[in-house]
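Participant: heads up, no residue letters with this:
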C-alpha cells in the first residue's frame, strides 16, 4: 500500500485502544472530567456492566454551547495551552482524547449547562457523525451518556468479560476516585440498584467514615492517620497497623496530586517502612495521598495515566518511607500519647524498667544482662498490689498473674491485658540490638576468597556507577569485565551470607528505587534471629516485679505492638467486652 493519511474516525478508534480498554476506563475518564470541572456531586448510572449504558451526571461548571462540538474533537482541551502547562499539569484529564475516543466506539450524548446560561445544550455523536447543538432541559452541570460501547468494533466487544466482572472494575475505580476526593459526594447505581452512596466528607470523622465504607470497618478501626510535610512533599492519609495485614496488595491506594496511580517507587517505600513488623509474604494496607510541585512529577508517563514518574524519585522514596516508619514506631502500648507521670503509687514499677533501659549496648551479653535485671527486681522491691483508682495507671496496667508460663495477665483502667511475654521481650531485645548496630558505622571485612558474580551488562554498569553507594553499605566491588563483578569486602555480620544473591538483590533495588536497604535488612534479620534465641522462653516463671518491668519496657519500646515476625505481642479486653461475654446486665 502507498502511504496515506488515515480517516479521522479511524484515528479516533486507534486512540480508543489506548484510552478505552473497558467500561471502567470510560467511567474513570468521565468522572475525572467532572472532578476537573469542580463538581461537588457525581452520579454514575450503569446498565449491564457498562455495555448498554454509562451515564455520568455532575454539577460542575458545564460547557459553553459553542464549545460542545470542540469538546468532542481530538486534542481539544481547556486544561493546557503550552509546553509549560504540560510540564506542570495539575488537572486529572488534560490530553483531550477521552471524549472523541469514546464517541468513536459508542453512541454518545452530551448535555451541558453553564451557570450563566439560560438553558442547556445537547449534542450527539454516532459513528463519528456529530449532530448540531440543540436546546435541552438540564440543571447546572453536565450529563454524558455512553450507549452500546464497542457496538461498531465487535472484536473489542468480544474481549469484554462478564457483566459482573466488568462492573467490578467500575466499582474498583469508583472507590479509588471516592478516596481521592472525600469532599465530593458520589453515587453509583447498577441496573437501577444503588451500590454506593457517599456523602461529601469534610470533617476528620466523616473522612474516616468514608475510609470505613470503602476499605472496611476493620481497616478503619486498625488504621493510624499520618500527616507530614518535608522538603516540599506532603504525605497524608491512613496506614493500617501491622496486625491488619493482607495476603495480597488489594488495599493499597496511592494518590499523587489527587491522581490515583500505581507506582513502584511509592510501593517500595511503603514496603521498606513495614519491613520490620510484617510476616513474610503478607502485605500492608494503606490509603495515602502525596502532594508535591506538579513540575516535579510527570503525569504523562502512561497512555491511561495510571503511572507517574518523579523527577527525584530517591528524595520522594526517602520522605515517604521515613514518614510511614516514624508513624509505625509509635505502634506501642500508649503510643501517640505521653507516658504516665511517675507517682508514689507506680514509682516502684517504673523503676523496675531501669535495668532494661540502661545503656544502649548490644550483643548477647546485653540480652543476658536484661534477663538478670528482671530477676534482681524480686528481692529489691515489695510485692505490688492491684490497680488503685486514684493512681495514674500505665497503658498496660499492672501484672496480676502469669498464665501457663506463656502469657502475662495485667489489669489496666479499661479491663484485662494479655501479653505474650516471649514475643514482647523479643521485640524489646531486637530494638536494643538494632540501636547498637545502627549507632555504629558499617564495618567491612575483606573476603579471604573474593566472590565473582556474573551479571547482565546493564547491572555491571549500574554497579560501577554506584560504587560509592555500595561502599557506604559495606560492599566493596570491582568490575573485571563487561558482565563480571568481584565482591572483595562485605559487612562483618554478613561474612557467611549468600553474597551472590545479596548483590543481585541490591542491584535490583538500585535499579527500581535508586537506593537499597537490602544489606541493612539482612543484618537486621541476623539481629532478629539473635533476639529470638535469647529472649524469655515459654514456661519460665516470672515474679510480679519481673512481669511489671517487662510491661514498662514495652511501653517505652518502638514497634512493641508486634514481635520481629509480625505477630501481635499483646491484646486487650475491655470491661464491656467481658460483660458481654458473661451476659452481665441482661
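Facilitator: Everything's here; your move. Bear in mind the structure is a predicted one, so any value in this text is a computation, not a measurement.

Participant: shouldn't residue 552 be within a helix?
Facilitator: Yes. With DSSP: H, G, I helix; E, B strand; the rest coil as the criterion, residue 552 is part of a helix.

Participant: burial measure for it, as a count.
Facilitator: By the criterion of other Cβ atoms under 10 Å, residue 552 has 25 neighbours. Any C-beta I mention is one placed from the backbone N, CA and C, and that applies to glycine too.

Participant: before we move on, what about residue 290?
Facilitator: Burial of residue 290 is recorded as 26 neighbouring residues (other Cβ under 10 Å).

Participant: that one contacts residue 256, correct?
Facilitator: Yes. Counting by Cβ atoms under 8 Å, residue 256 is a contact partner of residue 290 at 4.9 Å.

Participant: anything in contact with each of the two?
Facilitator: Applying Cβ atoms under 8 Å, 6 or more residues apart in numbering, one finds that residue 290 and residue 256 are jointly contacted by residue 266.

Participant: pLDDT below threshold where in the chain?
Facilitator: For the chain, applying pLDDT under 70 flags the ranges 302-304, 334-391, 438-442, 513.

Participant: ok, residue 2 - how many residues close by?
Facilitator: Residue 2 - counted by other Cβ under 10 Å - has 3 other residues nearby.

Participant: for the residue nearest to residue 408 when sequence neighbours are not counted, helix, strand, or coil?
Facilitator: Excluding the flanking residues, the one nearest residue 408 by Cβ to Cβ, 6 or more residues apart in numbering is residue 419, at 4.2 Å. Here residue 419 is strand, with the state taken from three-state DSSP.

Participant: cool, the one 4 residues further on as well?
Facilitator: For residue 423, the secondary-structure state derived from three-state DSSP is helix.

Participant: check whether it really touches residue 569, as I assumed.
Facilitator: Yes. Counting by Cβ under 8 Å, residue 423 sits close enough to residue 569 to count as a contact (4.5 Å).

Participant: between these two, what contacts are shared?
Facilitator: Residues touching both residue 423 and residue 569 (Cβ under 8 Å, 6+ apart): 562-563.

Participant: neighbour count: those two, which is higher?
Facilitator: Set residue 423 next to residue 569 and count neighbours by other Cβ under 10 Å: residue 569 wins out with 25 against 22.

Participant: and the helices in the stretch 401-550 of the chain?
Facilitator: Ranges of helices in the stretch 401-550 of the chain, per DSSP state H, counting those that start in this stretch, are 421-438, 457-465, 467-472, 499-513, 518-533, 544-556.

Participant: could these be laid out in JSON lines, adding distance to residue 165?
Facilitator: Putting the helices of the stretch 401-550 of the chain into JSON lines (distance: least, Cβ to Cβ, whole Å) gives the following:
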{"stretch": "helix 421-438", "distance to residue 165": "42"}
{"stretch": "helix 457-465", "distance to residue 165": "38"}
{"stretch": "helix 467-472", "distance to residue 165": "45"}
{"stretch": "helix 499-513", "distance to residue 165": "31"}
{"stretch": "helix 518-533", "distance to residue 165": "38"}
{"stretch": "helix 544-556", "distance to residue 165": "47"}
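
Participant: and the next element down the chain from the helix or strand containing residue 11?
Facilitator: In this assignment (DSSP states H and E), residue 11 forms part of helix 8-19. Next along the chain after helix 8-19, taking DSSP H and E as the criterion, comes helix 23-36.
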